[in-house]
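J.: next come a sequence and a model predicted from it.
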Amino acid sequence: MHNLGVIKFDPGLRRIYAACYSGAISVIHQDDPSRYRKIEDFKVQHAVHTLAVDVETHRVYTPEQEEDGKPVARMIVYDAVSNP
């Protein structure tokens, strides 16, 4: 698994994940080395600003520090959709 960061790349699915502090993870697909297309902005809790990608399972991990404005401390795991 890669280290936590704001932007991570999954080479197996050729996807870039970008954690947005406003409450979304942007998912971008690499069609080829010079072409990219946005798949979606996946809604998550506000203040999610780091993520990690397991390149073997393609799961995305994000630590949450608040839920609906209340403090929490937990790791959320998302499974990637294989056919965008």
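T.: Received it, and whenever you're ready, just let me know what you need. Remember, it's a predicted structure, so these values are computed and weren't measured experimentally.
J.: excluding chain neighbours, what is closest to the residue positioned nearest the centre of the chain?
T.: With the centre of the chain defined as its mean C-alpha position, the nearest residue by Cα atoms, centre = their mean is residue 17, 4.3 Å away. Taking Cβ to Cβ, 6 or more residues apart in numbering as the measure, residue 17 lies nearest to residue 8, with 5.1 Å between them; neighbours along the chain are not counted. Heads up, the C-betas are built off the backbone N, CA and C, glycines and all.
J.: which helix or which strand is home to the one you found?
T.: In the assignment (DSSP states H and E), residue 8 maps to strand 7-10.
J.: got the buried residues for that strand?
T.: Residues of strand 7-10 classed as buried under the neighbour-count rule (16 or more other Cβ atoms under 10 Å) are 8, 9, 10.
J.: okay but the first one is in contact with residue 53, surely?
T.: Yes - using Cβ atoms under 8 Å, residue 8 and residue 53 qualify as a contacting pair, with a distance of 4.5 Å.
J.: one step back: could you pull up the contacting residues of the residue nearest to the centre of the chain?
T.: Contact partners of residue 17, counting by Cβ atoms under 8 Å, 6 or more residues apart in numbering, are 7, 8, 9, 10, 25, 26, 27, 28, 51, 53, 60.
J.: show me what it bridges to in the sheet.
T.: Each beta-bridge partner of residue 17 is listed here: residue 8, residue 27, as defined by DSSP bridges.
J.: from residue 56, how far out is it?
T.: Taking Cβ to Cβ, to the nearest Å as the criterion, residue 17 is separated from residue 56 by 16 Å.
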